[in-house]
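J.: sharing a model prediction with you, sequence too.
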Amino acid sequence: MAKTTAAQMIVPDVWADMVQNKFKGKLVIGSMALNDSTLEGKPGDSVNFPKWKGLTEAEDLTEGTPMTPEQLGTDPGNTATIKEAGKAVEITDKARLVAFGDPFAETQRQLGVLIARKIDKDLTAAAEAAGVIMVNAATDPLSWDVMVDGIAKFGDEWEPENMAGIIIHSLQRASIYKDPNFISADKFGTGAVIPRGVIGQIGGVNIFVSDRVTTTAADGTNPATYNALMVRRGSLGLLYKRRPLVETDRDILARTTVVTTNVHYATHRLDDEGIVVLKTRGAA
């Protein structure tokens, strides 16, 4: 006689799709990164993030004298190591039978959230890697005035429409909400397309909230600080070796089902001049 057990309640491929969707929906910083899956199925545990080399300045021309073509080159860039992140959960049959709600559905939700948070944290580390441009305003709350100092760091290449967004910590929301230059998302107008996670705009740039940004605790003398990120489009890269995979295993003696997920990826800052870190006081 065929028996149905908890193992048949989880179809790994279906679960992988569900976790993947929940994972995509929770990415904040990852939603700004250039996503690439060309590494999937290829050997190797590291990857180069190439960059375009800049052309030299335009030249004065003389009538009748031909121009000399300049080659558009690429820089192989820095190497990043493929990382693996994952999580495992073991659910007893009894827990599933007596639980208030569905522990399998909750497992799906949390797996997606945790993987997304891990990738966002690694993208933050890539954004703040050595050589990043920083505005140190550690004694001041986040404000338009501090952001103007950040805008100045972009020089004559500052264009609000070229910015992927500004990422702030949730404890900096109060400072932004109180700033007279802030426009909340509910005032964007009827029919406006508001990206997930956007709370509003300042200076024509979308404001996102993520607690994955770097923080430092107060030490008795100095206040806690939070690093807001001003990110230009194309400045962060996220390469997948393998997207989230879900596997299950049934322990018939212990009467439990183990669910695991893991993802292989690499993160890197692609444009050293495309990110500015604003180090400010956390509270309003």
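T.: Sure, I can see it.
J.: look up the closest residue to Glu59, ignoring the ones flanking it.
T.: Closest residue to Glu59 apart from its sequence neighbours, by Cβ to Cβ, 6 or more residues apart in numbering: Met67 at 7.4 Å. Quick note: C-beta positions are derived from backbone N, CA and C, even for glycine.
J.: burial measure for that neighbour, as a count.
T.: For Met67, the number of neighbouring residues by other Cβ atoms under 10 Å comes to 8.
J.: same check, this time on Pro160
T.: Neighbour tally, Pro160, other Cβ under 10 Å: 12.
J.: residues in contact with it?
T.: Contact analysis of Pro160 by Cβ atoms under 8 Å, 6 or more residues apart in numbering lists 203-205.
J.: please apply the same query to Asp272.
T.: Contacts of Asp272 (Cβ under 8 Å, 6+ apart): 131-133.
J.: tell me the spacing between it and Leu123.
T.: Asp272 sits 15 Å away from Leu123, going by Cβ to Cβ, to the nearest Å.
J.: can I assume Gly101 sits in a strand?
T.: No: going by DSSP: H, G, I helix; E, B strand; the rest coil, the assignment for Gly101 is coil, not a strand.
J.: please report how far it lies from Arg117.
T.: Remark: distance between Gly101 and Arg117 (Cβ to Cβ) = 22 Å.
J.: same check, this time on Val19
T.: Counting by Cβ to Cβ - Val19 and Arg117 are separated by 13 Å.
J.: same question, Ala129
T.: Distance from Ala129 to Arg117, by Cβ to Cβ: 19 Å.
J.: which of those two has more neighbours?
T.: When Ala129 and Arg117 are compared for neighbours, Arg117 comes out ahead with 20 against 14, by other Cβ under 10 Å.
J.: not counting residues beside it along the chain, what's closest to that one?
T.: That would be Arg212: by Cβ to Cβ, 6+ apart, it lies 6.2 Å from Arg117.
J.: Asp149 now?
T.: Val135 (4.7 Å).
J.: look up how far Ser46 lies from the one you found.
T.: From Val135 to Ser46 the distance is 32 Å (Cβ to Cβ).
J.: how close does Lys279 sit to Gln108?
T.: As judged by Cβ to Cβ, Lys279 and Gln108 stand 37 Å apart.
J.: meant to ask about Ala99
T.: According to Cβ to Cβ, Ala99 stands 14 Å off from Gln108.
J.: again with Ser210
T.: Per Cβ to Cβ, Ser210 is found 22 Å from Gln108.
J.: following the strand of greatest length in the chain, which helix or strand comes up?
T.: Of all segments of type strand in the chain, defined using DSSP state E, the longest is strand 236-251. Counting by DSSP states H and E, the next helix or strand C-terminal to strand 236-251 is strand 256-269.
J.: within the sheet, what are the partner strands of that next one, with directions?
T.: The pairing partners recorded for strand 256-269 under DSSP bridges are strand 83-92 (antiparallel), strand 236-251 (antiparallel).
J.: and the helix or strand following the first one, what does it pack onto?
T.: I take that to be strand 83-92. Following strand 83-92 in sequence order, the next helix or strand is helix 93-98 (DSSP H and E). If you count contacts as 3 or more Cβ pairs under 8 Å, 6 or more residues apart in numbering; DSSP states H and E, helix 93-98 packs onto helix 103-127.
J.: for the helix it packs on, list every residue counted as buried.
T.: Residues 103-104, 107-108, 111-112, 114-124, 126-127 are the ones in helix 103-127 that count as buried (16 or more other Cβ atoms under 10 Å).
J.: ok, now stretch 126-138?
T.: Neighbour-count burial for stretch 126-138, counted by 16+ other Cβ under 10 Å, picks out 126-128, 132, 135, 137.
J.: now do the strands in the stretch 101-250 of the chain.
T.: Per DSSP state E, counting those that start in this stretch, the stretch 101-250 of the chain carries strands over the ranges 133-141, 163-168, 182-184, 198-202, 205-209, 215-216, 225-232, 236-251.
J.: include distance to Glu57 when you put those into JSON lines, please.
T.: Formatted as JSON lines, the strands of the stretch 101-250 of the chain follow (distance: least, Cβ to Cβ, whole Å):
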{"stretch": "strand 133-141", "distance to Glu57": "22"}
{"stretch": "strand 163-168", "distance to Glu57": "25"}
{"stretch": "strand 182-184", "distance to Glu57": "38"}
{"stretch": "strand 198-202", "distance to Glu57": "33"}
{"stretch": "strand 205-209", "distance to Glu57": "29"}
{"stretch": "strand 215-216", "distance to Glu57": "41"}
{"stretch": "strand 225-232", "distance to Glu57": "22"}
{"stretch": "strand 236-251", "distance to Glu57": "28"}
